[in-house]
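> Could you look at this predicted model? Sequence included:
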Amino acid sequence: MTNPADVLDHWVDGKPWTGESTRTAPVYDPALGVPQRSVRMATASDVGAAVAAAAAALPAWRESSIATRHRFLLNFRELLNARKDALAAILTAEHGKVLSDAAGEIARGLEVVEFALSMPHLLKGEFSQNASTGVDVYSVREPVGVVGIISPFNFPAMVPLWFFPIAIAAGNTVVLKPSEKDPSAANWLAELAADAGLPVGVLNVVHGDKEAVDALLTHPDVAAISFVGSTPIADYVYRTASAHGKRVQALGGAKNHMLVLPDADLDLAADAAVNAGFGSAGERCMAVSVVLAVDAIADDFVARVAERMQGLRTGDGRRGCDMGPLITREHRDRVAGYLDTAAADRARVVVDGRESPIDGDPNGFWLGPTLIDRVPVTSAVYRDEIFGPVLSVVRVEGFEHAVDLINASPYGNGTAIFTNDGGAARRFQRQVNVGMIGVNVPIPVPVAYHSFGGWKASLFGDAKAYGPNGFAFFTQEKAITSRWLDPSHGGIDLGFPRNS
Ligand code: NAD
């Protein structure tokens, strides 16, 4: 271990906090293959203390003026923008994604902070004057209370930023439980929020695993849970937190298909498949993992993708490479195992990432970009979310065949069509049961003023992340019917109130 004495604490009440946890977990630099520090793993009582801090901060924060909360967001946005290079370095050191990709992640997180700045407008409520004679009706949005946010390893900054700026803008207080695999970004963000003037206790961070998550899901003072991670855990989180009376949004895994029709510009489509398949080593929930290539152009398309892959440099994200390592050794080995599965299932391995040259430390968790053609849809290579730099090609007869496959998938996160036929694109968008669709756009992550989320096993609950859905999720509506009494309102009438 580079520095075994360096143990990352929780962040509670505006400062680092040890809690009672004695258990720790190592935090690796995946490009070096050795732990850089370790992180405390919260007990249920540590989580209880963080929730208590958030609950104590809630009355004052929910009463704070819109101007106060708005000003905090403005300061936070400015500081994040000014210091983003330091955050990018943390992301590369703990996640492994290359520096330019880390900068992209932060840019998308910043967009959500900028969207959250629309809060004075979005929290305005509605007013109907004289809904009945002399009666006014108005509705207002109020915070839900203490919010628990549980985030995955693959976007250690962006996913927390999808949620906490909006939750805080709406007057809630937060306990964030980031992934234990790359936890430092969460503390960095919490410290930045403190520098931007956020009162103590409004944003807290606890580190840990299932024990910490379970404590959040079942804590009586937590009103809402926002979760992002794999589908089995999202399903579990949704069921457990709902059973404990909480509002829940749980975003799960994905298996995203990209359909290439014969009339597409094959060079642009091949560029897109390589970018979306291998960016962030395929560890993105919106990565393209399957190309559906119509038979007529499939050979040509596979050749173009393979040619582009020869130019990709895999290695240490600090050295200007295109693609970094995988998150852990176990995950790297699991992903590499799909190459054996592919061979056993008689798919054709066109580019074998195990043989890629690596510009990095030999102990890093490396697997180069991999292309597998003629993958049978019965193979685990097609069915499983691999979450690595493995691009599968499935050959399809045509449009209907492709749409049937997409709709048969248990996931419904993202999909894309590449074509120059507007009618086909429109039919595609209407017919696929998927939450986010790209037309000649391979990674259709919606801008921050729309909302992000999939269908089916990619999202449990009825609210997507950020955008208008974000403000709806983190607020509850009150409708007020008001009449200022005067003598004309007297009299007894037990009938159901009618408007006149
Ligand atoms: P994960 O499900 O292993 O972990 C997510 C979070 O849950 C982490 O904070 C982790 O500590 C916690 N956790 C892990 N095991 C748990 C358990 N048994 N009980 C309770 N909590 C537990 O996911 P990951 O490997 O960190 O992230 C990758 C996954 O996240 C992929 O499946 C990816 O598709 C998905 N993801 C989805 C989206 C989306 O928007 N739909 C975005 C990013 C990532």
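Structure's in. What do you need? Remember, it's a predicted structure, so these values are computed and weren't measured experimentally.
> what about the stretch 151-300 of the chain, any weak spots by pLDDT?
By pLDDT under 70, the stretch 151-300 of the chain has no low-scoring segment.
> Could you list the contact residues of it toward the ligand?
Residues of the stretch 151-300 of the chain lying near the ligand by C-beta under 6 Å from any ligand atom: 151-155, 159, 177, 179-180, 209-210, 213, 228-230, 233, 251-254, 285. Heads up, the C-betas are built off the backbone N, CA and C, glycines and all.
> Tell me, how many residues neighbour E111?
Residues near E111, counting by other C-beta atoms under 10 Å, number 18.
> got the buried residues for the longest helix along the chain?
Counting residues, the longest helix found in the chain (DSSP state H) is helix 66-94. For helix 66-94, the neighbour count (16 or more other C-beta atoms under 10 Å) marks 69-70, 72-73, 75-77, 80, 84, 87-88, 90-94 as buried.
> out of those residues, who's nearest the ligand?
E94 (12.5 Å; C-beta to the nearest ligand atom).
> ok, now which ones touch the closest one?
E94 makes contact with 27-30, 36, 156, 181-185, according to C-beta atoms under 8 Å, 6 or more residues apart in numbering.
> And for the closest residue to T24 other than its chain neighbours, the neighbour number?
With C-beta to C-beta, 6 or more residues apart in numbering as the criterion, T24 has its nearest non-adjacent residue at 4.2 Å, and that residue is S38. Using other C-beta under 10 Å, S38 has 21 other residues around it.
> between the helix or strand hosting S38 and helix 66-94, how many degrees?
Counting by DSSP states H and E, the element that carries S38 is strand 34-40. Calculated by axes from the mean of the first three to the mean of the last three C-alpha atoms, to 10 degrees, strand 34-40 forms an angle of 140 degrees with helix 66-94.
> list the helices and strands whichever helix or strand comes after strand 34-40 packs on?
As assigned by DSSP H and E, the chain's next helix or strand after strand 34-40 is helix 44-63. When contacts are defined as 3 or more C-beta pairs under 8 Å, 6 or more residues apart in numbering; DSSP states H and E, helix 44-63 sits against strand 10-12, strand 135-143, strand 146-150, strand 173-177, strand 203-205, helix 210-218.
> In CSV, list those along with distance to V237 and mean neighbour count.
As requested, the helices and strands packed on helix 44-63 are exported to CSV (distance: least, C-beta to C-beta, whole Å; neighbours: other C-beta atoms under 10 Å):
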stretch, distance to V237, mean neighbour count
strand 10-12, 20, 27
strand 135-143, 21, 16
strand 146-150, 7, 27
strand 173-177, 11, 29
strand 203-205, 18, 29
helix 210-218, 6, 21
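> For V260, which of these is the nearest?
strand 146-150 (36.0 Å; C-beta to C-beta).
> angle of the helix or strand immediately after the closest one in the chain against strand 146-150?
Remark: after strand 146-150, the chain's next helix or strand is helix 158-169, criterion DSSP H and E. Counting by the same axes, to 10 degrees, helix 158-169 lies at 170 degrees to strand 146-150.
> Can I get helix 158-169 in PDB, CA atoms only?
The C-alpha trace of helix 158-169 is given here as PDB (Å, rounded to 0.1, in the frame of the first residue of the first chain):
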ATOM      1  CA  MET A 158     -21.300  12.900 -12.000                       C
ATOM      2  CA  VAL A 159     -23.900  10.600 -10.400                       C
ATOM      3  CA  PRO A 160     -23.800  12.300  -7.000                       C
ATOM      4  CA  LEU A 161     -24.000  15.600  -8.900                       C
ATOM      5  CA  TRP A 162     -27.200  14.200 -10.700                       C
ATOM      6  CA  PHE A 163     -28.900  14.300  -7.300                       C
ATOM      7  CA  PHE A 164     -27.500  16.400  -4.400                       C
ATOM      8  CA  PRO A 165     -27.600  19.800  -6.100                       C
ATOM      9  CA  ILE A 166     -31.300  19.400  -6.900                       C
ATOM     10  CA  ALA A 167     -32.100  17.900  -3.500                       C
ATOM     11  CA  ILE A 168     -30.300  20.700  -1.700                       C
ATOM     12  CA  ALA A 169     -31.800  23.400  -3.900                       C
END
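> quick one: the strand or helix carrying G109 near the ligand?
Using DSSP H and E, G109 sits within helix 99-116. No. Helix 99-116 is not in contact with the ligand by C-beta under 6 Å from any ligand atom; minimum separation 10.9 Å.
> Can you tell me the closest non-neighbouring residue to I225?
Nearest one to I225, counting by C-beta to C-beta, 6+ apart, is A241 at 4.4 Å.
> Ignore what I typed, I meant G453.
Here the residue nearest G453, using C-beta to C-beta, 6+ apart, is K464, at 3.1 Å.
> I'd like to know how far the residue of the chain found nearest the ligand sits from D462.
Closest approach between the chain and the ligand, counting by C-beta to the nearest ligand atom: G229, at 2.7 Å. Applying C-beta to C-beta, to the nearest Å, the value for G229 to D462 is 18 Å.
> and the two? which has more neighbours close in?
Taking other C-beta under 10 Å, G229 and D462 do not tie; G229 has more neighbours (22 against 12).
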